[in-house]
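Student: here is a sequence with its predicted model. Questions after.
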Amino acid sequence: MDSDRVTRLLTLAANIGVIVGIGFLVLEMRQTSAIATAQVRLEYAAGWRSVDESRQDESFSEVITKSIENPQELSLKEVIQLDAYYSGVLDQMLSAQTARATGLVDGPFAEVANNVGAMYFSDEFARSWWRQVRSDWSIPPDNEFQETMDRAILAGELGRARRNYEGIRNELSQHPKNENK
């Protein structure tokens with residue numbers, strides 16, 4: 001009886017140990033998953049910062065401005081720079097699509113696409129660039145990415161950058177410099 005009782009107690013202790021071990025494993029997996037999710041979100045945000053930082057470079061901002069104001073005067077070198085820039089934007093869009101499909105980021109992909117279409121593809125050069133390269137961005141089997149970007153780019157306001165610029169200048173010219181003091 002003593003050996004039978006000892007065996008049962010050891011079995012019970014072993015089972016409790018297994019349950020506690022599984023509990024710790026679940027906690028560790030949740031923590032690892034949370035860390036991985038945070039890392040992916042940080043990398044996603046860093047990708048957008050990188051795209052936007054390129055526009056802050058003085059020489060590249062001149063290329064962007066030229067693409068809006070006089071796209072027909074762009075040199076091959078400038079078109080290559082813009083190609084890399086817009087490819088970076090679309091790489092980020094692929095990341096956005098993946099992040100939403102895997103549940104790392106909430107909200108529909110089309111919503112992000114509409115925002116990007118309005119911000120980054122609001123001039124004739126950017127739209128022409130998309131028409132030239134769109135076949136490179138088809139993802140089988142249903143081309144959802146390509147179709148979503150088509151709709152978003154076409155839905156965006158053409159001339160948005162110019163309108164914003166003129167609106168800001170207009171507003172600033174109507175207010176005295178020292179009004180806020």
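Tutor: Noted; the coordinates are in hand.
Student: Gly156 touches Gly117, doesn't it?
Tutor: Yes: using CB atoms under 8 Å, Gly156 is in contact with Gly117, at 4.0 Å. C-beta here means a position set from N, CA and C on the backbone, and glycine is covered the same way.
Student: need the phi and psi values for Leu94.
Tutor: phi -60, psi -40 (degrees, to the nearest 10).
Student: contact partners for it?
Tutor: Shown in contact with Leu94 (CB atoms under 8 Å, 6 or more residues apart in numbering): Ile139, Phe145.
Student: any idea which helix or strand in the chain has the lowest mean pLDDT?
Tutor: Of all helical and strand segments in the chain, the minimum by mean pLDDT, DSSP states H and E falls on helix 2-56, at a mean of 82.
Student: distance between it and the chain's centre?
Tutor: Helix 2-56 has its C-alpha centroid displaced from the chain centroid by 27 Å (CA atoms, centre = their mean, to the nearest Å).
Student: and that helix, what does it pack against?
Tutor: helix 58-69, helix 76-101 (3 or more CB pairs under 8 Å, 6 or more residues apart in numbering; DSSP states H and E).
Student: which SS class is the residue lying closest to Gly159 once chain neighbours are set aside?
Tutor: Nearest non-adjacent residue to Gly159, counting by CB to CB, 6 or more residues apart in numbering: Ser122, 6.5 Å away. Judged by DSSP: H, G, I helix; E, B strand; the rest coil, the three-state class of Ser122 is coil.
Student: pretty sure Ser122 contacts Ala152?
Tutor: No: the criterion here is CB under 8 Å, and Ser122 misses it with Ala152 at 11.1 Å.
Student: who touches both of those two?
Tutor: With CB under 8 Å, 6+ apart, Ser122 and Ala152 have no common neighbours.
Student: quick one: buried residues of stretch 104-115?
Tutor: Leu104, Val105, Phe109, Ala110, Val112, Ala113, Asn114 (16 or more other CB atoms under 10 Å).
Student: can you check stretch 147-167 too?
Tutor: Within stretch 147-167, the residues that count as buried by 16+ other CB under 10 Å are Thr148, Met149, Asp150, Ala152, Ile153, Gly156, Arg160, Ala161.
Student: out of those residues, which is nearest to Arg30?
Tutor: Thr148 (32.5 Å; CB to CB).
Student: list the residues that contact that closest one.
Tutor: Gln97, Phe109, Ala110, Ala113.
Student: let me know the angle separating the helix or strand encompassing it from helix 76-101.
Tutor: Element membership for Thr148 (DSSP states H and E) is helix 144-155. Orientation of helix 144-155 against helix 76-101 (axes from the mean of the first three to the mean of the last three CA atoms, to 10 degrees) gives an angle of 120 degrees.
Student: helix 144-155: what's the following helix or strand?
Tutor: By DSSP H and E, the next helix or strand past helix 144-155 is helix 160-174.
Student: touching that following helix from outside, list them.
Tutor: Helix 160-174 has contacts (CB under 8 Å, 6+ apart) with Ile68, Ala118, Met119, Ser122, Asp123, Glu157.
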